[in-house]
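*Asks:* Quick one, what's the 3D model for this:
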Amino acid sequence: MSNIEQTLSIIKPDAVERNLSDEIKNEFIKNNFKIVKEKKVKLEKSDAEKFYQVHQSKPFYNDLCSYLSSGPIIAMVLEKENAVLDNRKLMGATDPEKADPGTLRKKYGLSIDKNSVHGFPFLKKVDDWNRFQINTGGTLVEKCCHFFDLMRLITDSEVIQVYASGVHPDKHGILHNSFYDKLRKGKYSYSPEADWIQTKPIWAYLEEQGIKTATYFWVGSETPWNGIKITYSKFPFSSRVSEKAKIEQIIDWLSLPDNERPRLIMSWWHGIDSVAHKHGINNPKVLKSFNKQDQYLLDLINKIEEIDLWKKVIIKKK
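*Replies:* Purely as a prediction, here's the structure:
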């Protein structure tokens, strides 16, 4: 029975600098590896530190991160039967002097550090490649930063935020999807009226400063907040609208001329909420839904790359 696996492999800066990338890729192909995906990137040291966080306690951690961020690398997803083990055999020992003849590190490596290639464990799902794309191709926000830090990022660095969050319910006042407000003497239920929000939304702060924003099915952005109107907004909400349609609209917004392009885009996606509520978090359908959402995220990333805006994008990861 075949055991098709995928593994992540990196051609290191020393090999890229010596123009060995194509030669090394051909070695993989000659050894029956299929290069499923590849990407040339230049890591910042902070990116390398996140990527190699598992080695943080090791004495070589700082040198490894400095070296990996010293020049461009080629990241590849390799596929074949027994890909993980065969990749490690093909790479050879870490020290090129101790590596077997015919291995990549024996052929191309200069030293233990500059040994030309690096291998990773089994890639179980598309999320692993997505994470590499996000960690190395743009800026990853693990959680929502203080609002004024976010404002500084947007206005000073001229970046585009694709997803964002506001303050907590004790501040903005939207406690649930439906509730009764004694002070207003009225019932709230998925209301499109922005004035239900008790604190100024992020998009309103930006619009007030002349910075264009956009939302796709974002509660409370359908109408002006205290007279402040959003530039672009897709509504009314419909659960039948696919992620593909939202991606197309996001790309359309990002493709606008610079003076018309929104600097903040907030979009609701289906996620795993419904299926997890219905079947429980450990049900296989939840993982299937998760992987489907991951693929949509990768589609969005790839389309952003196609219009050459990936380096200006921050994706907010919940």
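*Asks:* what ranges do the helices span in this structure?
*Replies:* In chain order, the chain shows helices spanning 13-17, 21-30, 45-51, 61-68, 83-91, 104-108, 126-137, 147-157, 169-172, 202-208, 243-254, 273-279, 284-306, with DSSP state H as the criterion.
*Asks:* Glu243 - nearest residue in space that isn't next to it in sequence?
*Replies:* Distances taken as C-beta to C-beta, 6 or more residues apart in numbering put Tyr296 closest to Glu243, at 4.2 Å, once the chain neighbours are dropped. Bear in mind the C-beta positions are built from the backbone N, C-alpha and C, glycine included.
*Asks:* List the residues that contact the one you found.
*Replies:* By C-beta atoms under 8 Å, 6 or more residues apart in numbering, the contact list for Tyr296 reads 243-244, 247, 269.
*Asks:* So among the residues you listed, which ones count as buried?
*Replies:* Those of those that meet the buried threshold are 243, 247, 269, by 16 or more other C-beta atoms under 10 Å.
*Asks:* Turn the residues you listed into JSON lines, columns for distance to Thr223 and pLDDT.
*Replies:* As requested, these are arranged in JSON lines below (distance: C-beta to C-beta, whole Å; pLDDT from 0 to 100):
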{"residue": "Glu243", "distance to Thr223": "25", "pLDDT": "92"}
{"residue": "Ile247", "distance to Thr223": "25", "pLDDT": "94"}
{"residue": "Trp269", "distance to Thr223": "22", "pLDDT": "87"}
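*Asks:* Looking at those, spot the one nearest Leu183.
*Replies:* In terms of C-beta to C-beta, no member of those lies closer to Leu183 than Trp269, at 32.8 Å.
*Asks:* Next up, phi/psi of that closest one, please.
*Replies:* phi -120, psi 160 (degrees, to the nearest 10).
*Asks:* Surely it touches Lys246?
*Replies:* Yes: applying C-beta atoms under 8 Å, one finds Trp269 in contact with Lys246, separated by 6.8 Å.
*Asks:* Now do the residue nearest to Glu243, the pLDDT please.
*Replies:* The predicted local distance difference test score for Tyr296 is 87.
*Asks:* Ala48 too?
*Replies:* Each residue has a pLDDT score; the one for Ala48 is 80.
*Asks:* Asp299 now?
*Replies:* The score at Asp299 is 86. That number is its pLDDT.
*Asks:* check contacts around the nearest residue to it once chain neighbours are set aside.
*Replies:* Excluding the flanking residues, the one nearest Asp299 by C-beta to C-beta, 6+ apart is Ile247, at 6.0 Å. Remark: with contacts taken as C-beta under 8 Å, 6+ apart, Ile247 is in contact with 296, 299-300, 303.
*Asks:* What distance do you get for the closest residue to Trp269 other than its chain neighbours to Trp268?
*Replies:* Distance criterion C-beta to C-beta, 6+ apart; nearest residue to Trp269, sequence neighbours excluded, is Glu243 at 5.6 Å. Glu243 sits 10 Å away from Trp268, taking C-beta to C-beta, to the nearest Å as the criterion.
*Asks:* For stretch 34-52, buried residues please.
*Replies:* For stretch 34-52, the buried set under the neighbour-count rule, 16+ other C-beta under 10 Å, comprises 37, 41, 43, 47-52.
*Asks:* how about those residues, which pair is most distant?
*Replies:* Greatest spatial distance in the buried residues of stretch 34-52: Lys37 and Glu49, 23.6 Å, computed using C-beta to C-beta.
*Asks:* Now do the contacts for Lys34.
*Replies:* 78-80.
*Asks:* Pro192 against Thr223, yeah?
*Replies:* Yes: under the criterion of C-beta under 8 Å, Pro192 makes contact with Thr223 at 5.8 Å.
*Asks:* Surely Gly271 and Asp294 touch.
*Replies:* No: the pair Gly271 and Asp294 fails to qualify as a contact (C-beta under 8 Å) at a distance of 11.0 Å.
*Asks:* more neighbours, the two?
*Replies:* Counting neighbours by other C-beta atoms under 10 Å for Gly271 and for Asp294 shows that Asp294 has the greater number, 17 against 13.
*Asks:* Find the nearest non-adjacent residue to Lys42, please.
*Replies:* For Lys42, ignoring the flanking residues on the chain, the nearest one in space by C-beta to C-beta, 6+ apart is Pro72 at 5.0 Å.
*Asks:* Return the per-residue confidence for that neighbour.
*Replies:* Per-residue pLDDT puts Pro72 at 91.
*Asks:* List the contacts of it.
*Replies:* Contacts of Pro72 were listed using C-beta under 8 Å, 6+ apart, and they are 13, 16, 40-42.
*Asks:* Closest one of these to Trp253?
*Replies:* Nearest to Trp253, judged by C-beta to C-beta, of the contacts of Pro72 is Val41 at 25.2 Å.
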